[in-house]
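>>> sequence plus the predicted model coming up.
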Number of protein chains: 2
Amino acid sequence: MTAIAIVGAGLIGRSWAIVFARAGLSVRVWDPDPDVLERLPADIAAMIDDAGADPAVADQVTPVPTLAEALDGAEWVQENGPEKLEVKRALFADIDRLAAPGAILASSSSALMPSAWSEGLAGAARCLVAHPVNPPHLVPVVELCPSARTMPEAMDRAEALFRDVGQVPARLNHEIGGFVLNRLQAVLLAESLRLVSEGVISVKGLDDTVRHGLGRRWAFMGPLETILLNAPDGVPDYMRRYGPMLAALTDGAARGEAFTEDAGRIVAEAFPGTHIRDRQDWRDRELAALDRHLRSRIERNN
Amino acid sequence: MTAIAIVGAGLIGRSWAIVFARAGLSVRVWDPDPDVLERLPADIAAMIDDAGADPAVADQVTPVPTLAEALDGAEWVQENGPEKLEVKRALFADIDRLAAPGAILASSSSALMPSAWSEGLAGAARCLVAHPVNPPHLVPVVELCPSARTMPEAMDRAEALFRDVGQVPARLNHEIGGFVLNRLQAVLLAESLRLVSEGVISVKGLDDTVRHGLGRRWAFMGPLETILLNAPDGVPDYMRRYGPMLAALTDGAARGEAFTEDAGRIVAEAFPGTHIRDRQDWRDRELAALDRHLRSRIERNN
């Protein structure tokens, strides 16, 4: 049975623990904050309950008081520390020194490139980013990003592991800022913020356009299969027909200047009286229900 | 009972007929091609069957041999002609002349601005765009776009009608090329095509990142509520923390140059042996299933 070490037990670390544990793997969790470790069994049990998973999954997760104990015998290390380069470098220096020789070392970082935090490590070849969407026990994609030093075998093992535990690995061939997911999110957000800032449409109208329109196909196909199916004479023909129109829309789209505090205020004011914590709980229930729906459709189509 | 005239009975026109008919409205359909009109009852019946709707809905839809008969007594006209400005102007000249004085005249156009095709019409104030996602009987959003001449009452009536028939109107305050939906689609597509063209990720990896990740939240929340719920200290605070990173990603993103035939070839080659018509049928079944899922969740949350 593969042993997993979770380093850092905030929301993402706890969610990762559930991903691996519900697949039957043995999970040890360390966090520098003893209070976090003490609350861990109760926090994990609550998350499992909210997700409607088997309570016995919690038995696979063991909090341990030292990093060395978490890493002892682990074949996979999933790090979820702060997004500060110096902190991450120091943490990975310890992890690389203490982990078993065959272990793969992955960071959940969304902002820091693997070349930056793995530079100078003896084990840089076994380091990579495995970036989840929060929370990973409810959203399956995991972006796998290597540095130029990462050995292909580490990427292969990462891909196999995440597939085995029921996640969907998406493998990048080289580093790029924001990886793929946040690059796509950023361009759509910039144009969205511009359109509501300029008063073209309300915040609710913008969100409705995506959730009752554009997002429907993207939730089960992605944007590229979407255009394939809108191109009965082939995608190159689609590009000849619609490319110039789409290119003009993109050339005229908002860029970084759209991310203003004013735009933030316009968004916030569109949700008066929203209790963020309650609404996050609602979001997580909806993510779980959507995941069940989409998995049932995949089974039906196979 | 509101009477609806559908002008142009291609895929979009037939889908609109189902939207209005299943809400109990009386629908008359005209198309300049007599073969299209002859096949209409069978085509509509097949679409109703595929969507799992009540076969009796088809009884509400009547093909008529002339534009004048379609418009006679109609309170709402939904036009679905070719996306050619001169054709649309000529068609709307006829529609404006023949329609009842109180009728609202809407075009399904995705590419032509309402100011362009309604210019010079006596009834320009009752003209607007009601742009669906194809097919509207499976995807609820309708973008409503006025010209500078459109009277607010026409927009109010459009909004009320689409809400009454179970669609989700998204109201623009003024014209903009691509409206909202295609502007958002264009920026995300440009960056997607660039990432696969440069070999950062495979076509499947890109689509997986959206369908198993980013698209999950957008299918029930939209992008702006998504950031609201990632901003426990408020969206302006979120902008201060993450704005610079998102701005940099957007500033470095692809623009119109990404829409190349080569990019089209890369997408096409990632789906070898795909039978487009069969896969479109699959897509429409999945859209219908997702719509049922999302509507059932809305009911549960109310």
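Sure, I can see it. Numbers count the residues shown, from 1 in each chain, chains lettered A, B, ... in the order given.
>>> so the helix-or-strand element of chain A with minimal mean pLDDT versus helix B:276-301, what angle?
When the helices and strands of chain A are scored by mean pLDDT, DSSP states H and E, helix A:276-301 comes last with a mean of 92. Going by axes from the mean of the first three to the mean of the last three C-alpha atoms, to 10 degrees, helix A:276-301 is angled at 140 degrees with respect to helix B:276-301.
>>> contacting residues for the residue in the stretch 1-150 of chain A positioned nearest to chain B?
Residue nearest to chain B within the stretch 1-150 of chain A (C-beta to the nearest C-beta): residue A:141, separated by 3.4 Å. C-beta here means a position set from N, CA and C on the backbone, and glycine is covered the same way. Residue A:141 sits next to A:132, A:133, A:167, A:168, A:169, A:170, A:181, B:208, B:209, B:212, B:213, B:214 when contact means C-beta atoms under 8 Å, 6 or more residues apart in numbering or on different chains.
>>> recalculate using a threshold of 7 Å.
By C-beta atoms under 7 Å, 6 or more residues apart in numbering or on different chains, the contact set of residue A:141 is A:133, A:168, A:170, B:208, B:209, B:212, B:213.
>>> okay, and which of these map to strands?
Members of the contacts of residue A:141 lying in strands (criterion: DSSP state E): A:168, A:170.
>>> which pair of the contacts of residue A:141 spans the longest distance?
Pairwise distances across the contacts of residue A:141 (C-beta to C-beta) peak at 11.7 Å, for the pair A:133 and B:208.
>>> okay, now the unreliable bits of chain A?
Residue ranges of chain A with pLDDT under 70: A:1, A:301-302.
>>> now do the strands in it.
Secondary structure of chain A by DSSP E: the strands cover A:3-7, A:26-30, A:61-63, A:76-79, A:104-107, A:127-132, A:141-146, A:168-171.
>>> domain map for chain A?
Domain assignment of chain A by automatic domain parsing yields the ranges A:3-171, A:184-271.
>>> quick one: end-to-end distance for the first one.
So that's domain A:3-171. The first and last residues of domain A:3-171 sit 23 Å apart, counting by C-alpha to C-alpha, to the nearest Å.
>>> still on that earlier bit, redo the strands of chain A as a markdown table? Include distance to residue B:55.
As requested, the strands of chain A are exported to a markdown table (distance: least, C-beta to C-beta, whole Å):
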| stretch | distance to residue B:55 |
| --- | --- |
| strand A:3-7 | 54 |
| strand A:26-30 | 53 |
| strand A:61-63 | 53 |
| strand A:76-79 | 53 |
| strand A:104-107 | 54 |
| strand A:127-132 | 46 |
| strand A:141-146 | 40 |
| strand A:168-171 | 39 |
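>>> okay, now residue A:293: neighbour count?
19 (other C-beta atoms under 10 Å in any protein chain shown).
>>> tell me the spacing between it and chain B.
4 Å (C-beta to the nearest C-beta, to the nearest Å).
>>> state the distance from that residue to residue B:220.
Distance, residue A:293 to residue B:220, using C-beta to C-beta, to the nearest Å: 11 Å.
>>> residue A:297 reaches residue B:289, doesn't it?
Yes. The pair residue A:297 and residue B:289 passes the contact test of C-beta atoms under 7 Å, sitting 6.0 Å apart.
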